[in-house]
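Student: let me see the structure of the following:
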Amino acid sequence: MQSPAGAATILRVLRVSLHVGFAVLLLVAVVRLLTGVGTAGTPSPVALTAGLGLSALLAAVYLAGTVLEKRHSSDPSRFNPSKYARWWLAAVMLLWLLLLLVSSDFAWVAFPLFFLQLHLLPRGLALPAIAVSTALLVGTLWFHSRGSSDGGLQLSMILGPVFGAVFAVVTGLAYRALFLEAENQRTVADELRRTRAELARTQHDAGMLAERERIAREIHDTLAQGFSSIVLMGRSAEKALESSDVETARESLKIVQDTASANLAEARSFVRGLRSPDLEQSGLVDTLRRLCEKTETEAAARGSALRCRFELVGAPVELPNTYQTTLLRAAQASLANVWAHAHARAAVVTLSFLGAEVTLDVFDDGIGFEPSTAAGTARGDGTGVGLQSLRERLAALDGRLEIESAPGEGTVVAVRVPLPADEGAA
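Tutor: Purely as a prediction, here's the structure:
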């Protein structure tokens, strides 16, 4: 298939060739008229004046039409001459017919005019117009040859215009087919560019939405939980000071400092798009163990008797960063719900490596709830997105989340994540 650029180049060459051919043929006819080498011999002063005037007028009209069309094609905001194209063609044809009456040398100008008729008129009108023009051309040649020695209508007077008209029609139809093909390719190319631009915008919007959701999950699972802990520890320290329990207040403030430092490290970490600072310092197993110890310490500082224990099942394998971060966030969110809502006395975090998958179970003996009511829908105050955030994280790893609970019977949050092929095989 011809490329749009190649087709446009061919059309431009044909168009320039047509205009140059018209100008050359008109100039040759004017020169022959001035030198008197035409078939009618030396023209009279009246015929010479009329021929030169009509030739100049024809050149001006032709040039004006082509210049206006060229300017509009290069800048569509300029004047569009297309609605006057047929009037322009009629003026050009009329001036050419008047020149034919002056001298038969202007007969050769008919051939580029045939192409104009094919281009500007519908095919149903173009072919009859060319036939009429050919007949007028033959008649004019016969009219100018009446005084010659040959006299009468010669076969060459018919064959020349007829063959020229047929050649113009065939070439013009081929030009039109190429022109339509170029227009179709230009339309397809414009549509393709629009589609690519729309796809790029869609991908950009999707990327922005995904990044916004990622940041929201990180903030909820790290900063929001940390700030909540800081608020609770601050209240605990305030109550301890009111009761003159300086040691408890000091312990609460120490936890506030540690939590604030951890939050600051988390904020810097996910701004850089890196893994959790806890995971950078040690592996997932040690991080989860420290998380249980921290949860128990914070509960004690708030006057709660929560005991949190970590258990490991199976031989641990090295997991990709995304897997470790997801499992850590699941444990953080689950334990945050334990001390915030469950009123539990004991919690157990179990990390299990079971061949082709890794599981994380968080059990507590708290008050429990009805799982059907935990839809994970965000509330107006920005809370209530923990379960939804966790499900989104697991969906990215083809993992799943299961919650088993009932009022008064505690809660089990079970996370299942299939291991990558190489880790599972190991």
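
Student: check the offset of stretch 298-316 from the chain's centre.
Tutor: How far stretch 298-316 lies from its chain's middle: 50 Å, per C-alpha atoms, centre = their mean, to the nearest Å.

Student: tell me the buried residues in it?
Tutor: Buried positions in stretch 298-316, judged by neighbour count with 16 or more other C-beta atoms under 10 Å: 298-299, 301-302, 306-308, 310. Any C-beta I mention is one placed from the backbone N, CA and C, and that applies to glycine too.

Student: among the residues you listed, which two are most distant?
Tutor: Across the buried residues of stretch 298-316, the longest distance by C-beta to C-beta is 20.4 Å; it joins 302 and 310.

Student: show me the shaky parts of the protein.
Tutor: Across the chain, residues meeting the criterion (pLDDT under 70) sit at 1-11, 37-43, 146-157, 211, 214, 217-218, 220-221, 269-281, 374-386, 421-426.

Student: ok, which stretches of it are strands?
Tutor: All strands of the chain, identified by DSSP state E, fall at 307-313, 346-354, 357-364, 400-405, 411-418.

Student: now render those strands as JSON lines, adding distance to residue 45.
Tutor: Shown next, in JSON lines, are the strands of the chain (distance: least, C-beta to C-beta, whole Å):
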{"stretch": "strand 307-313", "distance to residue 45": "117"}
{"stretch": "strand 346-354", "distance to residue 45": "112"}
{"stretch": "strand 357-364", "distance to residue 45": "107"}
{"stretch": "strand 400-405", "distance to residue 45": "103"}
{"stretch": "strand 411-418", "distance to residue 45": "102"}
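
Student: so for residue 178, which of those sits nearest?
Tutor: With C-beta to C-beta as the yardstick, what comes closest out of the strands of the chain is strand 411-418 (58.4 Å).

Student: against which helices or strands is that closest one packed?
Tutor: Using 3 or more C-beta pairs under 8 Å, 6 or more residues apart in numbering; DSSP states H and E, the elements in contact with strand 411-418 are helix 321-337, strand 357-364, helix 386-395, strand 400-405.

Student: and the gap between residue 143 and residue 102?
Tutor: 11 Å (C-beta to C-beta, to the nearest Å).

Student: so between the two, which is more surrounded?
Tutor: Using other C-beta atoms under 10 Å, the more surrounded residue of residue 143 and residue 102 is residue 102, with 25 against 12.

Student: show me what contacts the more buried one?
Tutor: Residue 102 makes contact with 33, 43, 47, 50-51, 54, according to C-beta atoms under 8 Å, 6 or more residues apart in numbering.

Student: now those residues: which count as buried?
Tutor: Among the contacts of residue 102, the ones that count as buried (16+ other C-beta under 10 Å) are 33, 43, 50-51, 54.

Student: what about the helices in this protein?
Tutor: With DSSP state H, the ranges of helices along the chain come out as 4-35, 45-74, 85-102, 110-120, 123-144, 155-218, 225-242, 246-271, 277-281, 284-301, 321-337, 386-395, 421-425.

Student: now do the buried residues in stretch 84-103.
Tutor: Buried-residue list, stretch 84-103, by 16+ other C-beta under 10 Å: 85, 88-89, 91-93, 95-100, 102-103.

Student: of the strands of the chain, which is nearest residue 177?
Tutor: Nearest to residue 177 among the strands of the chain is strand 411-418; the distance by C-beta to C-beta comes to 59.1 Å.

Student: got the angle for that closest one vs helix 321-337?
Tutor: Counting by axes from the mean of the first three to the mean of the last three C-alpha atoms, to 10 degrees, strand 411-418 points 180 degrees away from the direction of helix 321-337.

Student: got the buried residues for strand 411-418?
Tutor: 411-417.

Student: roughly how far out does that strand sit from the chain middle?
Tutor: For strand 411-418 - counting by C-alpha atoms, centre = their mean - the centre lies 39 Å from the chain centre.

Student: begin at 11, not 1, for the rest of this chat.
Tutor: Yes, from this point I'll number from 11; that puts the last item at strand 421-428.

Student: quick one on the thing from earlier: nearest to residue 137, of the contacts of residue 112?
Tutor: Nearest to residue 137 among the contacts of residue 112: residue 64, at 27.1 Å, using C-beta to C-beta.

Student: quick one: the contacts of residue 112 as CSV, columns for distance to residue 237 too.
Tutor: Listed next are these as CSV, based on distance: C-beta to C-beta, whole Å:
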residue, distance to residue 237
43, 97
53, 103
57, 102
60, 97
61, 96
64, 92
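
Student: pick out the most distant pair among those.
Tutor: Greatest spatial distance in the contacts of residue 112: 53 and 64, 12.4 Å, computed using C-beta to C-beta.

Student: tell me how far residue 105 lies from residue 72.
Tutor: In terms of C-beta to C-beta, residue 105 sits 9 Å off from residue 72.

Student: and if you look at residue 56?
Tutor: Counting by C-beta to C-beta - residue 56 and residue 72 are separated by 24 Å.

Student: these two: which has the busier surroundings?
Tutor: Neighbour count, other C-beta under 10 Å: between residue 56 and residue 72, residue 72 has more, with 23 against 9.

Student: contacting residues for the spatially closest residue to the more buried one that is not a sequence neighbour?
Tutor: Sequence neighbours aside, residue 102 is the residue nearest to residue 72 in space, at 5.8 Å (criterion: C-beta to C-beta, 6 or more residues apart in numbering). Residue 102 is in contact with 68, 71-72, 75, 123, 126, counting by C-beta under 8 Å, 6+ apart.

Student: so residue 356 bridges to which residues?
Tutor: Here residue 356 sits in beta bridges with residue 317, going by DSSP bridges.

Student: how many other residues sit next to it?
Tutor: Burial measure for residue 356: 15 neighbouring residues, criterion other C-beta under 10 Å.

Student: I figured it hits residue 316, correct?
Tutor: Yes - between residue 356 and residue 316 there is a contact under C-beta atoms under 8 Å: 7.2 Å.

Student: for residue 344, what are its contacts?
Tutor: By C-beta under 8 Å, 6+ apart, the contact list for residue 344 reads 359, 372, 423.
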